[in-house]
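A.B. asks: Sharing a model that was predicted from the sequence below.
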Amino acid sequence: MIFDFTIIKKDVDGLVVYAKSVYKELVEHFPVSENLYLFREGIGKKGVDKIKYIILHRIFGFFFSRKFYYSPTHHGPILNPNKAITIHDITPLLHPNKSFKQFVYYRILLTLSIRNSKRIYTVSEFSKKLIIDNFGVNSSLVKVIHNGTDINLILAEPLVGVPSNYLLFVGIHSEYKNFELCYKAIRGISKDIPIVVVGNWFKIPLIVSNDEFVFQFSNLSYQNIRFLYENAKGLMYASTLEGFGLPALEAARLNCPVITSRNSPMHEFLGPLSARYVDPNSLDSIKSQIQSLLNDSELSFKLSLEAYQKTKNLTWKMHVQILANDLKTLF
């Protein structure tokens with residue numbers, strides 16, 4: 001069996017975190033000695049160089065048609081009908097202005113790849129519905145396995161230059177993360193509420209201008225990110241679109257209060273009573289919940305406890321156990 005982990009790189013983002021976490025647990029079910037694991041830079045006992053191999057394993061998939069192929073992302077050998085891929089979200093289809101190249105990939109190549117797949121994994125019922133509606137696949141082909149997190153098992157590492165009593169944004173890299181409207185809502189309450197942003201979206205400096213109470217970080221370790229969750233007043237995660245919303249799960253595991261979007265995948269794993277929900281398109285709705293977060297510490301504490309209880313069993317071990325059991329039924 002071939003496992004494609006070439007998505008793994010040094011930068012921390014959602015797909016990298018997912019792939020690293022799945023790989024760590026998956027080798028317990030599919031030993032390296034019996035299976036081929038592909039990596040970007042020859043990491044691991046059977047790693048291969050990505051540059052030499054990428055065209056072969058992603059375009060000319062018929063070379064691997066006799067071996068079952070699994071990818072923790074939507075990339076994979078397009079023509080190989082003996083594979084399973086993971087679609088975390090379909091943002092490029094719904095936001096074509098974000099990346100025309102990705103839009104074309106999703107609309108043409110991914111459509112073809114899906115038709116040549118034995119299984120499509122995804123991370124929420126919300127994403128499953130979008131995949132079915134936009135690709136016209138049978139619902140039995142798509143299996144939902146909620147993400148996990150083990151962020152509570154790593155040690156926090158302090159970060160220099162972080163203020164106190166800040167609101168936290170994690171993973172800000174595009175417009176649909178809704179940073180601009182959330183920023184306006186915060187500044188509509190107060191000009192000096194500290195804001196910590198983890199992300200490298202090029203528009204952030206333009207939006208915040210010379211705001212001295214905004215602190216932007218990128219390329220942080222997960223130890224740093226845990227530190228930020230633990231010391232934040234709350235996590236702002238009012239995206240207009242998400243496939244799952246891993247930062248909301250991570251915050252819940254670390255008892256960090258969450259403000260997030262209603263009618264979203266976050267509602268699936270947090271439930272109705274574990275977060276402050278907003279209309280992500282309404283300035284007043286976001287502003288109201290921020291004021292509640294800042295003024296009602298007792299409710300914040302209660303919600304964070306509820307969120308922890310609701311999500312404590314969502315671990316990577318649980319996720320991969322379900323994944324591995326299903327993979328074994330396919331090949």
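C.D. replies: Structure's in. What do you need? All figures in this text were calculated on a predicted structure; none of them were measured in a lab.

A.B. asks: So what does G234 look like in phi/psi?
C.D. replies: For G234, the backbone dihedrals are phi 180, psi 160 (criterion: degrees, to the nearest 10).

A.B. asks: Near it, how many other residues are there?
C.D. replies: G234 has 24 neighbouring residues, counting by other CB atoms under 10 Å. In short, each C-beta sits where N, CA and C put it, glycine included.

A.B. asks: Please apply the same query to the one 4 residues further on.
C.D. replies: Here the neighbour count serves as a burial measure; for A238 (other CB under 10 Å) it reads 30.

A.B. asks: Which pLDDT value belongs to it?
C.D. replies: According to the model's per-residue confidence, A238 sits at a pLDDT of 97.

A.B. asks: For it, which residues are in contact?
C.D. replies: A238 makes contacts with N178, L181, C182, I259, T260, S261, V278, P280, I286, as judged by CB atoms under 8 Å, 6 or more residues apart in numbering.

A.B. asks: any idea how far E230 is from the first one?
C.D. replies: Applying CB to CB, to the nearest Å, one obtains 24 Å for the distance of N178 from E230.

A.B. asks: And those two? Which one has more around it.
C.D. replies: Between N178 and E230, counted using other CB under 10 Å, N178 has the larger neighbour count: 23 against 14.

A.B. asks: Could you give the secondary structure assignment for L323?
C.D. replies: The three-state assignment at L323 reads helix, by DSSP: H, G, I helix; E, B strand; the rest coil.

A.B. asks: Test for you: state the pLDDT assigned to it.
C.D. replies: What the model reports for L323 is a pLDDT of 98.

A.B. asks: ditto for H57
C.D. replies: In this prediction H57 is given a pLDDT of 54.

A.B. asks: Ok, G47 next?
C.D. replies: At G47, the pLDDT value in this model is 47.

A.B. asks: Can you show me the helices along the stretch 151-300 of the chain?
C.D. replies: 179-189, 204-208, 222-231, 246-253, 266-270, 283-295, 297-311 (DSSP state H, counting those that start in this stretch).

A.B. asks: thinking D192 is in contact with D211, fair?
C.D. replies: No: taking CB atoms under 8 Å as the contact criterion, D192 and D211 are not neighbours in contact, 9.4 Å apart.

A.B. asks: Just want to know which of those two has more residues nearby.
C.D. replies: It is D211, of D192 and D211, that has more neighbours when counted by other CB under 10 Å, with 14 against 8.

A.B. asks: now the more buried one: how far from H173?
C.D. replies: With the distance defined as CB to CB, D211 ends up 19 Å from H173.

A.B. asks: what's the answer for H29, then?
C.D. replies: 32 Å.

A.B. asks: These two - which one has more neighbours?
C.D. replies: Per other CB under 10 Å, whichever of H29 and H173 has more neighbours is H173, with 17 against 14.

A.B. asks: didn't the more buried one look like it was pressed against F202?
C.D. replies: No: using CB under 8 Å, H173 is not in contact with F202; the gap is 9.4 Å.

A.B. asks: per-domain residue ranges of this structure.
C.D. replies: Residue ranges of the domains in the chain are recorded as 2-148+315-330, 151-311, according to automatic domain parsing.

A.B. asks: weakest of the ones you listed by average pLDDT?
C.D. replies: Least confident of those, judged by mean pLDDT, is domain 2-148+315-330 with a mean of 84.

A.B. asks: Quick check: L15 vs D284, distance?
C.D. replies: Where D284 is concerned, L15 sits at a distance of 34 Å (CB to CB).

A.B. asks: Quick one: residues contacting Y308.
C.D. replies: The neighbours of Y308, taking CB under 8 Å, 6+ apart as the test, are A252, R253, N255.

A.B. asks: Can you tell me which of those residues is closest to L206?
C.D. replies: Distance to L206 across those (CB to CB) is lowest for A252, with 31.4 Å.

A.B. asks: need the strands for the chain, in chain order.
C.D. replies: With strands called from DSSP state E, the chain shows them at 2-5, 36-39, 69-70, 83-86, 119-122, 142-144, 167-170, 195-198, 214-217, 234-237, 258-261, 276-278.

A.B. asks: Tabulate those (CSV), appending distance to N313.
C.D. replies: Putting those into CSV (distance: least, CB to CB, whole Å) gives the following:
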stretch, distance to N313
strand 2-5, 25
strand 36-39, 28
strand 69-70, 24
strand 83-86, 21
strand 119-122, 19
strand 142-144, 16
strand 167-170, 22
strand 195-198, 26
strand 214-217, 30
strand 234-237, 20
strand 258-261, 18
strand 276-278, 22
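
A.B. asks: For P247, which of these is the nearest?
C.D. replies: If you check each of the strands of the chain against P247 by CB to CB, strand 167-170 wins as the nearest, at 4.1 Å.

A.B. asks: strands paired with that closest one, and their directions?
C.D. replies: On the basis of DSSP bridges, the sheet neighbours of strand 167-170 come out as strand 195-198 (parallel), strand 234-237 (parallel).
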